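Peer 1: Show me the folded form of this:
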Amino acid sequence: MSSSEAPPPEAPIDAEPIKAVPVRHYGRWVAGVIIVFVAFIVIRSVITNDALQWPVVGDYLFDDRVLRGLQNTLILTVISMVIGIVGGILLAVMRLSPNPLTSGAAAIYIWLFRGTPLITQLVIWNFLALAYPRLGLGVPFGPEFVSWDTNQLITQFTASLLGLGLNEAAYMAEIVRGGIQSVDSGQLEAASALGMSRTKTLRRIILPQAMRVIIPPTGNETISMLKTTSLVVVIGYFELMVAVQTIYSQNYKTVPLLITAATWYLFMTSILTIIQVQIEKRFSRGTSRAEANKTKWAGRMLGFRFGSGATGGGGKA
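Peer 2: Numbering: from 1, shown residues only. As a prediction, the model looks like this:
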């Protein structure tokens, strides 16, 4: 049986390059126009509303009492987050410990501080002297070496830090625990096979990789903490909200002074958001998410390509 002869090769045909047309997202255009129109109406209403008394907002925006309250708010935010992050890391490590007593103690702490309202915790710390008039150090059921009057030891500022920081530690513990558990367990086994201690493995291998998961919610917690500091108004500590309340209780300019406080909160949260975005970019370098974020805003919104580096709805063929 003879083999069939292969057909002669056809002459190459010069094909024209395909013109790839990006997908047109007309729904985005319609939604964008509606949003811009609604935003224009809202902004115009806010600006032209005489009841908001914008000149009064400008007068008190840099008032000494407002700036002092703003300063105290920032101090509370920074120190409380430091307490929360350090305590959260410690609690997360304890929670993941194979020792049942250590893990159980961390679980009870997290259950207790996440299960009660923050405002209740602030009030308890502020009035701790009602239950413990004096706090001291010494031998259990034995002599006491040193003691302090609780009212003098736990001031309004200290009570604010204890309430905010210890409560935040419970939430940060779960964030850190989730980040640690997101790292492949095989790396922990490999480090153990190389003779690395658990602490060294955590510091050099696990935590650097877990930071990619930990950073975004930690940034959100920081922004939330900035606003949560306003709850210390219940114990009378002087911060931004107490500052504006003190002023409008005297001049009855309630709305413009609340707008003043809201303006400062928006400004500070915007700064923190920018910092968070930059930190996230740093820790997401080399990932597919980082490459996706390079797509220009106009390309994502309108579906057109602008320049060689960005594609709208369709890519190059």
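Peer 1: tell me the SS of the residue nearest to the spatial centre of the chain?
Peer 2: Here the mean C-alpha position of the chain is nearest to the C-alpha of N220 (CA atoms, centre = their mean), at a distance of 1.4 Å. Three-state assignment for N220 (DSSP: H, G, I helix; E, B strand; the rest coil): helix.
Peer 1: Please name the spatially closest residue to it (chain neighbours excluded).
Peer 2: Q276 (7.8 Å; CB to CB, 6 or more residues apart in numbering). For glycine as for every other residue, the C-beta is placed from the backbone atoms N, C-alpha and C.
Peer 1: How far off centre is the lengthiest helix in the chain?
Peer 2: Looking across the chain with DSSP state H, the single longest helix is helix 64-95. Relative to its chain's centre, helix 64-95 lies at 12 Å (CA atoms, centre = their mean, to the nearest Å).
Peer 1: which element follows that helix toward the C-terminus?
Peer 2: helix 100-115 (DSSP states H and E).
Peer 1: Against which helices or strands is that following helix packed?
Peer 2: Packing partners of helix 100-115 (3 or more CB pairs under 8 Å, 6 or more residues apart in numbering; DSSP states H and E): helix 64-95, helix 156-181.
Peer 1: How far off centre is it?
Peer 2: Between the centre of helix 100-115 and the centre of its chain there are 23 Å (CA atoms, centre = their mean).
Peer 1: residues of stretch 128-139 that come out buried?
Peer 2: L128 (16 or more other CB atoms under 10 Å).
Peer 1: Now the terminal residues of that stretch, how far apart.
Peer 2: 22 Å (CA to CA, to the nearest Å).
Peer 1: next one: stretch 129-148
Peer 2: Stretch 129-148: ends 11 Å apart by CA to CA.
Peer 1: what comes into contact with it?
Peer 2: 149-151, 153-154 (CB atoms under 8 Å, 6 or more residues apart in numbering).
Peer 1: now do stretch 212-229
Peer 2: Contacts for stretch 212-229 (CB under 8 Å, 6+ apart): 73-74, 76-77, 80-81, 84-85, 118, 160, 164, 168, 171-172, 175-176, 178-179, 182, 239-240, 265, 268-269, 272-273, 275-276, 279-280, 283-284, 287.
Peer 1: And that stretch, what's buried?
Peer 2: 212-219, 221-223, 225-226, 228-229.
Peer 1: tally of neighbours for L258?
Peer 2: 16 (other CB atoms under 10 Å).
Peer 1: now the one 10 residues further on
Peer 2: As a burial measure, M268 scores 18 neighbours (other CB under 10 Å).
Peer 1: Tell me the pLDDT of it.
Peer 2: For M268, the pLDDT comes out at 94.
Peer 1: which SS class is it?
Peer 2: Classified using three-state DSSP, M268 is helix.
Peer 1: tell me which residues of stretch 146-153 are tucked away?
Peer 2: T150.
Peer 1: average pLDDT across it?
Peer 2: In the prediction, stretch 146-153 has an average pLDDT of 84.
Peer 1: so who does N151 touch?
Peer 2: Counted by CB under 8 Å, 6+ apart, N151 has contacts A129.
Peer 1: where's it relative to T273, distance?
Peer 2: 39 Å (CB to CB, to the nearest Å).
Peer 1: ok so, going back, can you say which of the helices and strands packed on helix 100-115 is nearest to R24?
Peer 2: helix 156-181 (40.2 Å; CB to CB).
Peer 1: what's the angle between that closest one and helix 100-115?
Peer 2: Relative orientation of helix 156-181 and helix 100-115, computed by axes from the mean of the first three to the mean of the last three CA atoms, to 10 degrees: 120 degrees.
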